[in-house]
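# using only what follows, build the 3D model:
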Amino acid sequence: MNDTKNFTLQPGQMTLVDLRAVWAERQPLSLAADAWDAIAASCATVDAIVAKGDPAYGINTGFGILAKAHIPNDQLATLQRNLILSHAVGTGELLSDTIVRLILLTKIGSLARGYSGVRPVIVETLIALYNANIMPAIPCQGSVGASGDLAPLAHMTLAMLGVGPVRHNGALVDAGDALRAAGIEPVTLAAKEGLALINGTQVSTALALHGLFMAERLLEAAMVTGALSVDAARGSDAPFDPRIHAVRGQPGQIAAARIYRELVAGSAIRASHLVGDERVQDPYSLRCQPQVMGAVMDLIANAGRTLLIEANAVTDNPLLFIGENAGGEIISGGNFHAEPVAFAADTLALAIAEIGALAERRIALLIDANLSGLPAFLVREPGLNSGFMIAHVTAAALASENKSLAHPASVDSLPTSANQEDHVSMATFAARRLDQMAHNTAVIVGIELLAASQGIEFHRPLQSSETLESVHAQLRQQVAPYDADRFFAPDIEAARKLVVDGALSASCKELFTVLHP
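Sure thing, here's the model as predicted:
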């Protein structure tokens, strides 16, 4: 188990706990000592192939449709450098340092498995960049998710060559200057190394992991705000009865119902209307939370399993297998095709969209005096004050935007490389759009937090559960009650930040251990 001060990478054995820790905070990185022998043996296999002189894709041939071109040994270094320079064609905003950290980590882990044929110095240089906080400047657009994330990983590799810009401690600087200041020697790529560096799914995977971890935070926060809305609307906790969920048998639903039971346990607001309440059933946005959020929980867990495998995977091409044959064997395949990542990202998009969609419906319920029994738009003197009227419009706009963004990217494909690469995954976009969706949903859940907190205050002096009152107090440390109309956007931003930072569910983290295998 890695401690919080140092991360020792054991190739092929990273856990989601490890990946979450690196995502949350940069830690000094080292490679397990027993990994270096496999790297050296794989490199020796490439050397043997070069010495023998037989054509081997990516070692002494051109690339893609140009694979039939044989390259003489004295031009192999130029071949690899040209590959990087010509493939560094990305565009758009630069990926964040958080994403680039995950890209570097997963690329190091992949190469260190010993199937890619790179020299130890390649892995050493990537580790040095990571530890010096020299983050390659990687544009976010330009990959179709096969054959690998070629353009963005070429930008990653430029930093190793001392070419182009990098981000160092948050500032854009020249890569050569940054390497010199850190005492890192630029590399001269040897046979196959350029291809091994850019031929892989690490960018798509890092983006999808970011989406996964954001989805986990959104799920936790939305379950807290959903429970708070139950009390604000004086809803029933009967739909959380474990017997209902046991007879259906869906594991996420069963786990979600338990979480809701524990969140509302001990609420005096709930106890106040156990008897004499004319309502028989609550609207679905309250009553069916275990069914919807449980299904979301299962989707997130399934995506996590796929992405963990991919984070540990070897996804470049060709691959080197050291067996009984002298010098080993090189085999061309297609592990660079990011279809598993695309599918995982598309399911995460569904999960993120549904979290926001259900929260938006609860906001709509709370502001409707006929449904909630609360003052219209959750404000005293409605009419003089508009209250939460337009905050709900913002939530509706973002929920609708997420519906369009949730359209599966993986069903699209455009052939590239003169039809040699005739089916691609679109995994990079599938994963990249998750960040925007997550921030949209975070705003929606933040607005629900404000609305539900406002709602329970109309029931004073009755108290909600101890856990939910703690959440309410946490919000009120930053945002005052909405007594009359005021500039509302700063309140929403403060609530959004509680959701995005994971602070909203921090006080009841033990309830959500099922989400963090």
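
# list the contacts of Gly333.
317-319 (Cβ atoms under 8 Å, 6 or more residues apart in numbering). Every residue, glycine included, has its C-beta placed from N, CA and C.

# redo that, cut-off 6 Å
Going by Cβ atoms under 6 Å, 6 or more residues apart in numbering, Gly333 touches Asn317.

# go on, Glu262?
By Cβ under 6 Å, 6+ apart, the contact set of Glu262 is Leu511.

# what helix or strand is it on?
Secondary-structure assignment from DSSP states H and E places Glu262 in helix 251-264.

# check which element follows that helix along the chain.
Downstream of helix 251-264, the first helix or strand assigned by DSSP H and E is helix 268-271.

# and that following helix, what's its mean pLDDT?
Over the span of helix 268-271, the pLDDT mean works out to 93.

# now it: how far from the chain's centre is it?
Mean C-alpha position of helix 268-271 versus that of the full chain (Cα atoms, centre = their mean, to the nearest Å) differs by 38 Å.

# got the contact list for it?
Contacts to helix 268-271, defined as Cβ under 6 Å, 6+ apart, come from residues 231, 237, 459, 462-464.

# switch the cut-off to 7 Å
Residues from elsewhere that reach helix 268-271 (Cβ atoms under 7 Å, 6 or more residues apart in numbering): 231, 234, 237, 264, 456, 459, 462-464.

# how about the strands of this protein, start to end?
Ranges of strands within the chain are 7-9, 29-31, 91-94, 134-136, 139-141, 165-168, 171-174, 319-321, 329-331, based on DSSP state E.

# looking at those, which is buried most?
strand 134-136 (a mean of 25; mean count of other Cβ atoms under 10 Å).

# show me what contacts Pro239?
Shown in contact with Pro239 (Cβ under 7 Å, 6+ apart): Arg287.

# the closest residue to Phe512 other than its chain neighbours: neighbouring residues, count only.
Nearest non-adjacent residue to Phe512, counting by Cβ to Cβ, 6 or more residues apart in numbering: Glu220, 5.0 Å away. Using other Cβ atoms under 10 Å, Glu220 has 23 neighbouring residues.

# Glu220 and Leu511 touch, don't they?
No. Using Cβ atoms under 7 Å, Glu220 is not in contact with Leu511, being 8.3 Å away.

# what strands line up against the helix or strand of the chain with the lowest mean pLDDT, and which way round?
Within the chain, confidence by mean pLDDT, DSSP states H and E is lowest for strand 329-331 among all helices and strands, at a mean of 88. Paired strands of strand 329-331, with direction, are strand 319-321 (antiparallel) (DSSP bridges).

# report the mean confidence score over the strand it pairs with.
93.

# stretch 190-198 now?
Here the average pLDDT along stretch 190-198 is 95.

# neighbours of the nearest residue to Ser236 once chain neighbours are set aside, how many?
Once flanking residues are discounted, Ser236 sits nearest to Asp282: 5.7 Å by Cβ to Cβ, 6+ apart. For Asp282, the neighbour count with other Cβ under 10 Å is 20.

# let me see the confidence value for the spatially closest residue to Thr98 that is not a sequence neighbour.
Spatial nearest neighbour of Thr98, excluding adjacent residues (Cβ to Cβ, 6+ apart): Trp23 at 6.1 Å. Listed pLDDT for Trp23 reads 96.

# can you check Glu324 too?
Looking at Glu324, its pLDDT stands at 57.

# check the one 4 residues further on too.
Looking at Gly328, its pLDDT is 77.

# dump the residue contacts of the residue nearest to it when sequence neighbours are not counted.
Of all residues not flanking Gly328 in the chain, Thr45 sits nearest, at 3.8 Å (Cβ to Cβ, 6+ apart). Neighbouring residues of Thr45 by Cβ under 7 Å, 6+ apart: 117, 320, 322, 327-328.

# can you rerun that using 8 Å?
Contacts of Thr45 by Cβ under 8 Å, 6+ apart are 117, 320, 322, 327-328, 330.

# want to throw those residues into CSV with distance to Val379?
What follows is the contacts of Thr45, written out as CSV (distance: Cβ to Cβ, whole Å):
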residue, distance to Val379
Gly117, 66
Leu320, 67
Ile322, 71
Gly327, 77
Gly328, 72
Ile330, 70
